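**Q** compute the structure for the input listed below.
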Amino acid sequence: QVQLVESGGGLVQTGGSLRLSCAASRSTLYDHAIGWFRQAPGKEREGLACISSSDGSTYYRDSVKGRFTISRDYGKSTVYLRMNSMKPEDTAVYYCATLMVCSYDSYYDTEKYEHWGQGTQVTVSS
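**A** Numbering: from 1, shown residues only. Here you go, the predicted model:
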């Protein structure tokens, strides 16, 4: 059974940084690409980034490119989302999820994702 557990959310000031973690089994990381999404109140869930299980290639949403970095650590069975230069509009619940192939045209498509974590709240104060 695939289980994903997010952590690391919290309150941060504008311009600050956070690192979110998505814990999964090692087999999950080997068998699936992992992506990060977020959902702000009253808005649709939006894909932010994904990382491939095969070669570690990554894809990002334009609005977070250069500020957010997705990475993985097989030893810790964890995928991270490092967020820098945070803005109030980054406030949302952040989710990680599995997908089979991470690509430029899949990272944002919720229908391509299968297993989801429970989410972690991130709040950026102005």
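**Q** from V2, how far off is E46?
**A** E46 is 22 Å from V2, where distance means Cβ to Cβ, to the nearest Å. No exception for glycine: its C-beta is placed from N, CA and C like everyone else's.
**Q** my bad, should have said G119
**A** Plainly put, G119 is 16 Å away from V2 if you go by Cβ to Cβ.
**Q** who has more neighbours, these two?
**A** Set G119 next to V2 and count neighbours by other Cβ atoms under 10 Å: G119 wins out with 18 against 14.
**Q** residues contacting that one?
**A** The contact partners of G119, taken as Cβ atoms under 8 Å, 6 or more residues apart in numbering, are 6, 39, 93-95.
**Q** give me the pLDDT value at it.
**A** At G119, the pLDDT value in this model is 97.
**Q** mind giving me the packing neighbours of the lowest-mean-pLDDT helix or strand in the chain?
**A** Of all regular secondary-structure elements in the chain, judged by mean pLDDT, DSSP states H and E, the least confident is helix 26-31 with a mean of 90. On a contact count with 3 or more Cβ pairs under 8 Å, 6 or more residues apart in numbering; DSSP states H and E, helix 26-31 meets no helix or strand.
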